[in-house]
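> Here is the input, now give the coordinates:
(2 chains)
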Amino acid sequence: DTEVTQTPKHLVMGMTNKKSLKCEQHMGHRAMYWYKQKAKKPPELMFVYSYEKLSINESVPSRFSPECPNSSLLNLHLHALQPEDSALYLCASSQKGGWEGVHYGYTFGSGTRLTVV
Amino acid sequence: DQQVKQNSPSLSVQEGRISILNCDYTNSMFDYFLWYKKYPAEGPTFLISISSIKDKNEDGRFTVFLNKSAKHLSLHIVPSQPGDSAVYFCAARIKGGADGLTFGKGTHLIIQP
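Numbers count the residues shown, from 1 in each chain, chains lettered A, B, ... in the order given. Here you go, the predicted model:
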């Protein structure tokens, strides 16, 4: 298995809803990432988990809450989102975290297309 | 402030010819550069990378060139094939900095028959 799997592929939620995005990989990678990509913009880093510990939170609003239950799973819990949070949310993984991670490349999932209404 | 810049939103190249995608950066602390390819409705796929201690890296039809003095890198695809039509992102990592990548806005490469 050489993939990062993200579910759901599409999600429409109201501003008062609570939902979760899920990301899974079975490559034994020890670093996992959440990126946000708005239309015609580059992916922007949100969170980094390295060896199941949150190592980076790029000043993301608290309405986004990451969770890493184990080394294969990464969740992004969503609550009270705004319409401007509508975007493609990409999960990625790397064989190693921290300094070494980039040398192994990053594997991205297909993303979850989120629409907040 | 965009630290990784891809100034060409799109590029059209004839099949069989060379495609050259350009990327400029402003942060001299970047020490590793990567190119990703993205099809619609899919996540980015890693293509090729280069360390700042090198000026060239080649992998099959893909070659990346790095000019540190000009803070410029380019991706050459030769020969270009129809399946190469996609959005190409340049990305960089800061030496000794946090994990994760900084991406350019991407260039949409269109290969024409």
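> Run through chain A and note the low-pLDDT ranges.
Applying pLDDT under 70 to chain A flags residues A:1-2, A:97-104.
> could you redo the last one with a cut-off of 90?
A:1-3, A:29-31, A:39-45, A:48-59, A:71, A:94-107 (pLDDT under 90).
> For it, what lies in contact range of chain B?
A:4, A:6, A:31, A:33, A:40-45, A:48, A:50, A:55-56, A:58, A:90-92, A:97-99, A:101-103, A:105-111 (C-beta under 8 Å from any C-beta of the partner chain). Backbone N, C-alpha and C define where each C-beta goes, glycine included.
> Would you map the strands across chain A?
Along chain A, counting by DSSP state E, strands occupy A:4-7, A:10-13, A:18-25, A:31-37, A:44-50, A:53-57, A:64-70, A:73-79, A:87-94, A:106-108, A:112-116.
> In chain A, which residue is most central in space?
A:Trp34 (2.7 Å; C-alpha atoms, centre = their mean).
> Just the pLDDT for B:Gly97.
pLDDT recorded at B:Gly97 is 60.
> hmm, back to that, what's near enough to touch the residue nearest to the centre of chain A?
Counting by C-beta atoms under 8 Å, 6 or more residues apart in numbering or on different chains, A:Trp34 makes contact with A:23, A:45-47, A:66, A:74, A:76, A:89-91.
> hmm, 10 Å instead?
A:21, A:23, A:43-49, A:56-58, A:60, A:64, A:66, A:74-76, A:89-92, B:100 (C-beta atoms under 10 Å, 6 or more residues apart in numbering or on different chains).
> what about burial for the residues you listed, which qualify?
Among those, those scoring as buried are A:21, A:23, A:43-49, A:56, A:60, A:64, A:66, A:74-76, A:89-92, B:100 (criterion: 16 or more other C-beta atoms under 10 Å in any protein chain shown).
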